[in-house]
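S.K.: using only what follows, build the 3D model:
(chains A, B and C)
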Amino acid sequence: MARVGVFVCHCGENIAGTVDVAAVAKAALDMPGVVHAVDYKYMCSDPGQTLLKDAIKEKKLDGVVVAACSPRMHEPTFRRAAEEAGINPFLCEMANLREHCSWVHDKGAATTEKAIDLVRLQVEKVKRDRPLQPIRVPITKKALVLGGGIAGIQAALDIANSGNPVLLVEKSPSIGGHMSQLSETFPTLDCSQCILTPRMVEVARHPLITLYTYSELEKLDGFIGNFKATIRRKARKIDEKLCNGCGVCQQKCPVKKIPDEFNEGLSFRPAIYVPFPQAVPNKPVIDVKNCTYYKTGKCKACEKLCPTKAIRFDQEDIVEVHDVGAVVLATGFKTMPVGNFSEYGYGKLKDVIDGMKFERLASASGPTGGAIRRPSDGKEPQHVVFIACAGSRDRLKGVPYCSKVCCMYTAKHAMLYRHKVHGGQATVFYMDIRSAGKNYDEFVRRAIEEDGVKYVRGRVSRVYEEDGQLVVKGADTLLGAEPVEIRADMVVLATAVQAQNDAEELAQKLHVSYDPYKFFAEAHPKLRPVETNTAGVFLAGACQAPRDIPETVAQASGAAVKVAGLFSQPTLTREPIIAVVDRQPPPVFSSCVGCFLCKSACPYQAIEEEVIKNRNGDVLKVVAKVNPGLCQGCGTCVSTCRTKAIDLEGFSNEQVFAELMCI
Amino acid sequence: MGQPDTVTQMHDTAPDAPRVRCFAVKKGTNRRPIGAYFSQSEGRTLTPEKYMSCHHESPSARHSLAARLKEVGEVDVADCYQCGKCTAGCPAAEEMDVAPSQILRLLQTESPKHEKRALESMSIWLCIGCETCVTRCPQEVDLPRAMDILRQESLARNVANRAADDIVAFHKAFLHSIERSGRVFEFGMIGDYKLRTGHLFQDLGAAPSMFLKGKMSLLPHGGGSKREVGRMFARARAAKKESQP
Amino acid sequence: MRVGYYPGCSLTGTSREFDESVRSVARALEIDLAEVPEWNCCGSSPAHMIDTTMSIALPANVLLKAKRAGLAEVLTPCAACYSRLLMGKHEIETKPATRAQVERVLGCPPGSLDELPKVLNVIEFLAQIPETIAAKVTSKFEHTVACYYGCLLVRPPKVTRFDRTEDPVEMDKLVALVGGKTIDWSFKTECCGASFSISRTSVVGRLSSKIMQDATRRHAEAIVVSCPMCHSNLDLRRREINRRMEKPTLIPVLFITQVIGLALGLSEKRLGLKRHFVPVKLPAKTLPAQVVS
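M.R.: Alright, predicted model coming up:
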């Protein structure tokens, strides 16, 4: 006879506010097999766990049901407690009275009734649980970091410095990301490149970091500790070993008028190019779409002039497969295109630019050498209007969320402009100033108080061109919403931060979930912010949500610690919730008939064929076998098996039917 | 009459103290709004600055203009976060006494005092209905629709701003003309408007050339099924009367 | 080709020339305009301003008559009528309670308001038949004009589904089709003051003068419109406008159908050009010979 204990948690007011927990505990005592039932305010607390442990020992329980919250958070907690009290941890089950009952129903007898039913289900299940042993799998101690911006750089360095090899994959020709394009950084105004480039060089020189630029992840198979990453190394059309980065090819390339991505289209680059002088690696790449040779079959000027004969027009992409144990996603963000804003000229007005363009204008390495010049005629703008929340917090045309970094960089832009153009006027249209962060609000106040930036609270309705100037129509909501019309020479839109265009595709490749705006989802918004719900895949930086540099770096280091922690274990322990194929004594061997429908149904390629032979080596039977390392316990094979030869540990057919039959 | 002016006064238990009920929204699970709202007994105005947050179950809120807008116009004033983009683009904002965004603010408080200010404003009559605001509103608040309802409410409560008399007269003359002849008979409509407003000499200069260019006729148009349209107006009026107790 | 036609009140009075030019162009393009029998006024702005029920019931009645006359599409040149018909239809189609209420006001059996005819403005309609128009052009309209769309054709975008809300180009394409040039300007969809023509003439003067200012600065020879209210504000109220201009202007305001009519070689009289307050005088050297009388 089973001896089950039921422990009902109040979860403060969360459950007890809606469900009569005492009644649930009382009703549980009447369930067959239950010998002990109590309710307690916080079962997950130390006294709560002690309550559970003591009861297991004193009442000699052989099964435990904790009726509390979602098992997602606290199942490991209670299973550990059960194990400490001397019973197999898999003999502990949870009834979710919070998410499945108290949060979704109003207070009342029916709600309590449902809570009792949920407990009854788990009691029936736990009575049929059998002790399971955790599965141990080996770990490949090498990490894959996707994205070579500041997030990827930081994560790669931290992982490598913990003694584990890293493969850093960046899709563009150089690492550095958005941060390499920035002029100065808030709130200290230190030069972005000056603090970033040493890190870039460190990555390139680190003995444990393999750097693959101009490369992309094609496919990721496997599971935590044992991933197989397929990576496409796009052909640079250059022999990187021979190239010494002299730059002759760039100077001699006859194609000159390709908008320069690094300078946000404010200048031009040739068809063979290094994205920027401080690029890592400092090796050029041929832009096949724009190269005269690939278009017409003629030219090859670069090949003729290359002193080291490093040009390879016939170079092909290389596809490699790497074994890695963990993946850090650090693929960053993009900003909303200026063309999205119909009321600000659909991108037709040349002097309406976005924040990234302003960064290039203000940057010493930019096309103007750091002088503020407007794109239309190269004149120094005398009045610049900065529009915050361009697309952010805009349900209609943009995104409903706050992009977080714009308030700060807009203050920085206005400040830089005031420093660089003496007598120039800077006006910022804003809705709220969100400057939470160390020294952030002080920075904004400095822009207003010391640098004389005019802040107007209101959203701009329209920007149009008149007589070579831009007319900005706004309203000052702090003056009773008085209409304001400003004639400006340049308008800078603080455009919304968005997920990368290919974020959804990448998320699907990695089985990582994402939010409605295609930002990758963390495993828990508060307590597991750098993990994803795919074990072994971690997050860093703005691919998860809009972030500034300090936050990105902190998160990247956090992800690196998670990876290092994972790699510090000799083997990996996995939950034994896996499928098993029935085995019987000869001459039956197994009720499996070897149809292998399960094999084609399995999404994880976990079903193998096992050949059963007699002593003479004659084949007696071919039956299915589950690879415990690959099986994820999804149960698809169980439902396809015609002879019911496969069952899922911890969720056996017997258990599921028992649960169904008891209500 | 003595109005409570601080939150603490609202708990005054003196027999002659205004009966102000105070509700606290249940604090509890993380899926419910946490906050408090205050409401007042009938006919009394609570010092508006003292409200904290409004809740759909508030007894006064149920009869507020905001609630009415939500019900009949599907306009939720709570959506407005006061960015002022509507005002910034409004072609008539310069003439208005209360900016369009401020009209929404007046409704957000759900205080009768503020609602009165909105209904008595000139702004609701100066709205041209160009729909620029709703085209650009980041929160998609249908302000033109709100203005329509406010105008009709203002007329129903007889509190329309007197300075808008001529605008009201124009609209009424226009609809009257439709009711009588099925179509707008411009000469008759303008005459009606002039009689309603006393602006007898306005635009007199343009009139002769209007006739000369064949742009205005002295006799009503034919057709237009005037009886049918008249019946429609009658039925609509009857239905309105029925719905109002 | 046969299409339903709803001229609306303005086109029988203050904007007769719009009606005349639409009919003349249609005739030239061999399009049969079937006028909605016994049509009534759409209610225009006054109805939606002070009587929501009638603002839906009046256009519903027009569309119901068109439907009963077997018309699948109704061409509505007047932008105000177009807006009211479209909004009325939208309200009926999206709100069952409104539909029931309107059915009661109209005294029609339930279900009568299903599948109301499609509402088309003149630009949409002409944009469907570019080849037909191009084939009939006899004298290219070689002028540079400003296409002014105003409010009601393009807003609210959720209902009108007009091309680019803040910078529409459909009318510009039509002008280009008949040989004209259009300027890229900033006031294509800014409001002219609309129905305040009579009750707040000063507002019309202020708003319309900004429109004229931008068009003249960019050297437009004429403004092309598709809305009777825009037309009367820019044409009839020119004195009010010029009082606020740096330099008074006499550039004419044409309806899009008049522009197309001129290119099709139709006479000034048939297009009602004489009915404008600001005389239609386009630079003579580029005007087609037979039109310059």
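
S.K.: just for the chain, where's the confidence low?
M.R.: No chain was given, so I picked chain A. Applying pLDDT under 70 to chain A picks out residues A:1.

S.K.: try chain B instead
M.R.: In chain B (pLDDT under 70), the answer is B:1-62, B:200-201, B:204-208, B:211, B:216-224, B:244-245.

S.K.: for it, what spans make up the strands?
M.R.: In chain B, the strands defined using DSSP state E lie at B:20-24, B:36-40.

S.K.: the stretch 1-150 of chain C now?
M.R.: For the stretch 1-150 of chain C, applying DSSP state E, counting those that start in this stretch gives strands covering C:2-5, C:32-35, C:73-75, C:118-120, C:144-147.

S.K.: could you name the helices and strands sitting against the third one?
M.R.: Identification of packing neighbours for strand C:73-75 by 3 or more C-beta pairs under 8 Å, 6 or more residues apart in numbering or on different chains; DSSP states H and E yields strand C:2-5, helix C:52-68, strand C:118-120. Any C-beta I mention is one placed from the backbone N, CA and C, and that applies to glycine too.

S.K.: and these as CSV, adding mean pLDDT?
M.R.: Below are those laid out as CSV (pLDDT from 0 to 100):
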stretch, mean pLDDT
strand C:2-5, 94
helix C:52-68, 95
strand C:118-120, 95
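
S.K.: nearest to chain B, out of those?
M.R.: Closest approach to chain B among these is made by helix C:52-68 (4.8 Å; C-beta to the nearest C-beta).

S.K.: where's A:L470, which helix or strand?
M.R.: Taking DSSP states H and E as the criterion, A:L470 maps to strand A:469-476.

S.K.: using CSV, list the CA coordinates for that strand.
M.R.: C-alpha atoms of strand A:469-476 as CSV (Å, rounded to 0.1, in the frame of the first residue of the first chain):
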residue,chain,number,x,y,z
GLN,A,469,15.0,74.0,-44.3
LEU,A,470,13.0,71.4,-42.4
VAL,A,471,9.8,72.6,-40.7
VAL,A,472,9.2,70.6,-37.6
LYS,A,473,5.7,70.7,-36.2
GLY,A,474,5.4,69.7,-32.6
ALA,A,475,3.5,70.7,-29.4
ASP,A,476,4.8,71.7,-26.0
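
S.K.: each with direction, which strands does that strand pair with?
M.R.: Applying DSSP bridges, strand A:469-476 is found paired with strand A:462-466 (antiparallel), strand A:482-488 (antiparallel).

S.K.: list the buried ones in the shortest one?
M.R.: Using 16 or more other C-beta atoms under 10 Å in any protein chain shown as the burial criterion, the residues of strand A:462-466 that qualify are A:462-466.

S.K.: before we move on, back to that, please enumerate residues in contact with the strand holding A:L470?
M.R.: A:349, A:351-352, A:385, A:387, A:427, A:429, A:456-465, A:481-491, B:84-85, B:87-89, B:93, B:99, B:101, C:186 (C-beta atoms under 8 Å, 6 or more residues apart in numbering or on different chains).

S.K.: take these and keep only those in helices.
M.R.: Counting by DSSP state H, the contacts of strand A:469-476 place B:85, B:87-89, B:101 in helices.

S.K.: what's the most distant pair in the residues you listed?
M.R.: Largest separation among these by C-beta to C-beta: B:G89 and B:S101, giving 10.7 Å.

S.K.: domain parsing for chain B?
M.R.: Domains of chain B are assigned by automatic domain parsing as B:1-59, B:64-160, B:163-243.

S.K.: near chain C, which residues of the stretch 301-450 of chain A are found?
M.R.: Residues of the stretch 301-450 of chain A lying close to chain C (C-beta under 8 Å from any C-beta of the partner chain) are A:342-343, A:345-346, A:348.

S.K.: and the residues you listed, which are buried?
M.R.: A:342-343, A:345-346.

S.K.: roughly how far apart are C:V74 and A:L572?
M.R.: 71 Å (C-beta to C-beta, to the nearest Å).

S.K.: more neighbours: which of these two?
M.R.: Between C:V74 and A:L572, counting by other C-beta atoms under 10 Å in any protein chain shown, C:V74 is the more crowded of the two (27 against 20).

S.K.: the strands of the stretch 1-150 of chain C: which one's closest to A:F443?
M.R.: Per C-beta to C-beta, nearest to A:F443 of the strands of the stretch 1-150 of chain C: strand C:144-147, 45.9 Å.

S.K.: how close does the closest residue to A:S461 other than its chain neighbours sit to A:V145?
M.R.: Residue nearest to A:S461 in three dimensions, not counting chain neighbours: B:G89, with 3.1 Å by C-beta to C-beta, 6 or more residues apart in numbering or on different chains. To A:V145, B:G89 is 46 Å away according to C-beta to C-beta.

S.K.: A:F276 is in contact with A:G177, isn't it?
M.R.: No: counting by C-beta atoms under 8 Å, A:F276 does not reach A:G177; the two are 11.7 Å apart.

S.K.: these two - which one has more neighbours?
M.R.: More crowded of A:F276 and A:G177, by other C-beta under 10 Å: A:G177, with 26 against 20.

S.K.: these two touch, right, that one and A:T331?
M.R.: No: the pair A:G177 / A:T331 is not scored as a contact, 9.4 Å apart, by C-beta under 8 Å.

S.K.: list residues touching both of these two?
M.R.: Going by C-beta under 8 Å, 6+ apart, residues that sit against A:G177 and also against A:T331 are A:G147.

S.K.: now A:K60: which helix or strand?
M.R.: Per DSSP H and E, there is no helix or strand for A:K60.

S.K.: surely it touches A:G5?
M.R.: No: A:K60 is not in contact with A:G5 according to C-beta under 8 Å; the separation is 9.8 Å.

S.K.: between those two, which one's more packed in?
M.R.: A:G5 (27 against 13).

S.K.: confirm that the more buried one sits in a strand.
M.R.: Yes: the assignment for A:G5 by DSSP: H, G, I helix; E, B strand; the rest coil puts it in a strand.

S.K.: so who does it touch?
M.R.: Each residue near A:G5 by C-beta under 8 Å, 6+ apart is listed here: A:34-37, A:52, A:55-56, A:59, A:61, A:63-65.

S.K.: hmm, back to that, let's have the residues of the stretch 301-450 of chain A next to chain C in CSV, adding secondary structure.
M.R.: Shown next, in CSV, are these (three-state DSSP):
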residue, secondary structure
A:S342, helix
A:E343, helix
A:G345, coil
A:Y346, coil
A:K348, coil
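
S.K.: which bits of chain B sit near chain A?
M.R.: For chain B, the residues in contact with chain A (C-beta under 8 Å from any C-beta) are B:28-29, B:31, B:81-90, B:93-94, B:98-102, B:132, B:136-140.

S.K.: quick check, pLDDT for the spatially closest residue to C:I92 that is not a sequence neighbour.
M.R.: Spatial nearest neighbour of C:I92, chain neighbours left out: C:R99 (4.7 Å); criterion: C-beta to C-beta, 6+ apart. For C:R99, the model assigns a pLDDT of 94.

S.K.: neighbours around C:R99, how many?
M.R.: Neighbours of C:R99 (other C-beta under 10 Å): 20.

S.K.: buried stuff in the strand or helix carrying C:E240?
M.R.: Per DSSP H and E: C:E240 is located in helix C:238-242. Across helix C:238-242, burial judged by 16+ other C-beta under 10 Å covers C:238, C:240-242.

S.K.: and what of stretch A:434-450?
M.R.: For stretch A:434-450, burial by neighbour count (16+ other C-beta under 10 Å) applies to A:434-435, A:437, A:440-441, A:443-444, A:446-448.

S.K.: what is the burial count for the residue lying closest to C:R23 once chain neighbours are set aside?
M.R.: Leaving aside its sequence neighbours, C:R23 sits nearest to C:L33 (C-beta to C-beta, 6+ apart; 6.4 Å). Using other C-beta under 10 Å, C:L33 is surrounded by 17 other residues.
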